[in-house]
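Novice: quick check, what structure comes out for this input:
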Amino acid sequence: MKKHYTFTFFVFLMLCMVQVNAQTVITIPASTDPTMPTDIFPFIMGDTTATGERNDNNTIYKLENGQVYITTDRIVNKPEWDLHIEAVDLTDTENKPIISRIPNASGAYPDIMRPEGNVTLRNIWFIVGEKGALENHDWGKIRYMGDDTRVIVDHCIFEKDRGGFFQLRGNNIKLYVTNCVLRNGGNRRVIQGNGRAVDARNTTADTIIIRNTIAYNLQDRFFRSQGATAPHNYVEIDHCTAFNVAGRHGFIQLGRVATAKITNNLFINPIMLGSSPIYTDEQTQPDGDLHKVITLDTLYDNTALTISNNNAFWTQDVTDYWASNDTIFPPALMSTLVMDNLGAAAADAFFQEEVTLNSVPGSILQYVVDLYADPTADDMFDFIVEDASLAGTAFDSGNLFDFSTFDPCYSNSAQSATASTTGGPIGAISFCPDLTDVFDVNVNEALALKVFPNPTSADLNLSFELQESTEVNISIMDISGRIISNIVQGQLAAGQHTFSKDISTQIPNGMYFISLQTDQGIMTQKFIVQ
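Specialist: Numbers count the residues shown, from 1 in each chain. Below is the predicted model of the structure:
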């Protein structure tokens, strides 16, 4: 796999960066016995006393790079303590620690975690639901259960869960996923609705941001929101790459949302099943019985959608197969409610350029062909891809790939290389050193940027701290990254600084960002005008 170059855009940074205070660091040693990996459960949950109190509420658990760990029971934190697990070396993204499972004392495979408090996961490879050779994977082995919690996940791999890799089961969660790979989701050789990247079913999220993330070999949707009675506050899918998505019930189902931004993405063969009344039976689509790539269940008076600069296309082999089957139709890119909200801006939502990724697992079209030939079959093409090193073993289902060659990048001469909202490349470019964008910045939490009151209707106050004299640029940006006002430009001395700006007559109601750029790095914060 190519080196994962750190690529963090300003919006993600402003929402998820937090101050770290006097943290304890515990390195969990890897086992010297390759047949029995270290169990992380007693290390993490052992820090909890019999009465439920923590020995230390602010601990980072570090795992050795390239080593395998297991958990033999469900890890559960509480709102009063953060669950923080990361690799010893965060820069070695090629040799992530692996967390998997083995049967517990009762013979059952345990959940990995069901956090009830804040979570931070960095540079870890999770093999979530695997039980054995060619078995259907377990479902929902990681679920985020806590109301009003924050989840930060960066440079991680998640694979082999039959449900959703990010199952949000609490309300008002803030989820930030960056530089991750989500693969091998769903049932193996049968038709099912499971196999999603991000799943916010029956809950209402405060913030969901998915950036510079790759999703592939999924049986169902990239994003599913369904069943909530109130809208998500903010959903963003930006600079992501998705391919080999069967799309059992669609691709991006926004459901109920107040503000959503879907920009600069590369979607290759979304909804490979095509659009057919035959398979829209479990979960009704907003526009009836035909799939759309992006759908909206409810359009509110204040719904604000930004959808632009996305490349979405189907390869010729897929469209040729659809043409050969009278029951399959090419999916529309956006549903009626999405089109109604965008109006004239819908013309900028998508373009179509067929690009070829350098080295990725092959097409799963055979799964689609087998399914349409006999939907009741249980021996269809196995879309779950395994490493080529497993050739000839019990895990070899015929769908193998040499993951050491994984290269999800495309030619820098393609139109897509200059098609983003900033004039740079689209897709998950953090994996691609030859594809760079203007927002390649150094984040500095020590700037301690604060914005108050928030929400505001008149005066906007902000404070920050400089370690030394530096050039400072402070701007207000809208959700698309467009600068709408400059607050400060010039040299400032070291120390604490506070500024105030009257925005009552300048900025309409909505969500905005304060971006603080200095020679010492950048930090950003979200604020709302109402």
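
Novice: report how many residues lie close to the nearest residue to residue 278 once chain neighbours are set aside.
Specialist: Leaving aside its chain neighbours, residue 278 sits nearest to residue 327 (5.6 Å; criterion: Cβ to Cβ, 6 or more residues apart in numbering). Backbone N, C-alpha and C define where each C-beta goes, glycine included. Number of residues near residue 327 (other Cβ atoms under 10 Å) recorded here: 12.

Novice: please report how far residue 327 lies from residue 295.
Specialist: 21 Å (Cβ to Cβ, to the nearest Å).

Novice: equivalent analysis for residue 325, please.
Specialist: Using Cβ to Cβ, we find residue 325 at a distance of 23 Å from residue 295.

Novice: which one of these two has more residues nearby?
Specialist: The residue with more neighbours, out of residue 325 and residue 295, is residue 295; 24 against 15, by other Cβ under 10 Å.

Novice: could I get the phi/psi values of residue 342?
Specialist: phi -70, psi -30 (degrees, to the nearest 10).

Novice: which regions of this structure sit below the pLDDT cut-off?
Specialist: For the chain, the stretches with pLDDT under 70 are 1-23, 48-52, 280-285, 436-443, 479-481.

Novice: at 50 what do you get?
Specialist: Counting by pLDDT under 50, the chain has low-confidence residues at 1-21, 438-441.

Novice: so where do the helices sit in it?
Specialist: 10-16, 41-45, 316-323, 336-342, 365-373 (DSSP state H).

Novice: now the shortest one, how far from the chain's geometric center?
Specialist: Between the centre of helix 41-45 and the centre of its host chain there is 27 Å, according to Cα atoms, centre = their mean, to the nearest Å.

Novice: name the residues of that helix that are buried.
Specialist: 41, 43, 44 (16 or more other Cβ atoms under 10 Å).

Novice: nearest to residue 252, of those?
Specialist: Residue 252 has its nearest neighbour among these in residue 44, at 34.2 Å by Cβ to Cβ.

Novice: please report the distance of the closest one from residue 55.
Specialist: As for residue 44, its distance to residue 55 is 11 Å (criterion: Cβ to Cβ).

Novice: then residue 459?
Specialist: In terms of Cβ to Cβ, residue 459 sits 44 Å off from residue 55.

Novice: go on, residue 513?
Specialist: Distance from residue 513 to residue 55, by Cβ to Cβ: 38 Å.

Novice: more neighbours: which of these two?
Specialist: Neighbours per residue (other Cβ under 10 Å) separate residue 513 from residue 55, with residue 513 holding more: 20 against 11.

Novice: the nearest residue to residue 360 once chain neighbours are set aside: how many residues sit nearby?
Specialist: The spatial neighbour of residue 360 that comes closest, neighbours along the chain excluded (Cβ to Cβ, 6+ apart), is residue 408 at 5.5 Å. For residue 408, the neighbour count with other Cβ under 10 Å is 22.

Novice: check residue 515 too.
Specialist: Other residues near residue 515 number 22, with proximity taken as other Cβ under 10 Å.

Novice: repeat that for residue 277.
Specialist: 13.

Novice: roughly how far does it sit from residue 288?
Specialist: Using Cβ to Cβ, residue 277 is found at 9 Å from residue 288.

Novice: ranges for the strands of the stretch 251-400 of the chain?
Specialist: Along the stretch 251-400 of the chain, counting by DSSP state E, counting those that start in this stretch, strands occupy 252-253, 257-263, 266-268, 292-295, 304-308, 310-313, 332-334, 350-351, 386-387, 400-401.

Novice: quick one: closest of those to residue 96.
Specialist: Residue 96 lies closest to strand 386-387 among those, at 14.3 Å (Cβ to Cβ).

Novice: packing partners of that closest one?
Specialist: Contacts defined by 3 or more Cβ pairs under 8 Å, 6 or more residues apart in numbering; DSSP states H and E place strand 386-387 against strand 400-401.

Novice: and the contacts of the strand it packs on?
Specialist: Identification of contacts with strand 400-401 by Cβ atoms under 8 Å, 6 or more residues apart in numbering yields 360, 361, 362, 385, 386, 387, 388, 390, 391.

Novice: and the buried residues of helix 41-45, which is closest to residue 426?
Specialist: Minimum distance to residue 426 across those is 38.5 Å, recorded for residue 44 (Cβ to Cβ).

Novice: quick one: the closest one from residue 85, how far?
Specialist: 8 Å.
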